[in-house]
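J.: next come a sequence and a model predicted from it.
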Amino acid sequence: MKKRNSWVSNSSSSSFICEVCGEECGGMDIGLSDCGMDRCENEHVICERHKLDSEEERTPEQKKEIVIAQANKMKEFYLSGKATWYTEEDIANLVQEEEDWINEVQQIEGDELAEWFEYGEGYDWWLDWESEHGFSSEYCPICQFQVGRPQDMLAMVLDETGDTREEVLRRMKEKYGTYRQAKDALRF
Ligand SMILES: [Zn+2]
Ligand SMILES: [Zn+2]
């Protein structure tokens with residue numbers, strides 16, 4: 001009998017931990033959205049349900065600036081000579097494409113711009129951008145300082161007091177003696 005090849009799938013396992021509530025989610029070929037989680041622009045992974053309502057959603061004008069900035073970034077990248085896999089002709093075409101796109105977007109204004117982001121090409125562009133860059137920090141409770149990550153708060157305290165981690169650990173040992181006693185006293 002022929003032995004079965006165990007190398008049959010390319011699936012990979014991933015797991016995510018919410019940085020607000022600590023919920024874990026994982027599995028084969030699973031993505032953030034399958035877990036009901038999302039990533040903010042500062043790389044915080046949180047459950048969808050912790051997202052804040054925001055009045056300060058980016059305006060169409062602010063989104064437009066991002067669209068144009070992104071195109072300029074691409075243009076600079078093509079011109080930097082780092083994309084060595086392209087021919088000179090490719091580069092010229094790609095740069096031209098970005099310039100055309102910038103001109104096109106620049107001309108969209110006012111109500112037309114709002115509609116462009118709501119129903120038009122801008123809608124898809126923005127979805128792609130958010131899935132690549134993370135959702136806007138206004139909706140993230142960590143970015144809005146409503147929920148603190150221990151490592152962020154520790155960095156703040158160390159910066160303010162001028163303490164080092166080693167110094168803090170030394171004092172913990174001196175004050176509590178054992179880890180168990182520190183745990184009970186500090187409730188971690
Ligand atoms: Zn959560
Ligand atoms: Zn965040």
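T.: Yep, that arrived. Numbers count the residues shown, from 1 in each chain. Ligands and ions are numbered 1, 2, ... in the order given.
J.: quick check: buried residues in the helix or strand of the chain with the lowest mean pLDDT?
T.: Using mean pLDDT, DSSP states H and E, the weakest-scoring helix or strand in the chain turns out to be helix 121-133, at a mean of 90. Judged by neighbour count using 16 or more other C-beta atoms under 10 Å, the buried positions of helix 121-133 are 122, 125-126, 129. Every C-beta, even on glycine, is put in place using the N, C-alpha and C of the backbone.
J.: that helix and ligand 2, any residue contact?
T.: No. Against ligand 2, helix 121-133 shows no contacts by C-beta under 5 Å from the ion, the least distance being 11.9 Å.
J.: please state the offset of that helix from the chain centre?
T.: 13 Å (C-alpha atoms, centre = their mean, to the nearest Å).
J.: by contact count, what packs against it?
T.: Helices and strands touching helix 121-133, by 3 or more C-beta pairs under 8 Å, 6 or more residues apart in numbering; DSSP states H and E, are helix 60-79, helix 110-118.
J.: nearest to residue 137, of these?
T.: With respect to residue 137, and counting by C-beta to C-beta, the nearest of the helices and strands packed on helix 121-133 is helix 60-79 at 12.9 Å.
J.: list the contacts of whichever helix or strand comes after the closest one.
T.: Sequence order places helix 88-106 as the next helix or strand after helix 60-79, per DSSP states H and E. Here helix 88-106 makes contact (C-beta atoms under 8 Å, 6 or more residues apart in numbering) with 64, 67-68, 71-72, 74-75, 78-79, 83, 86.
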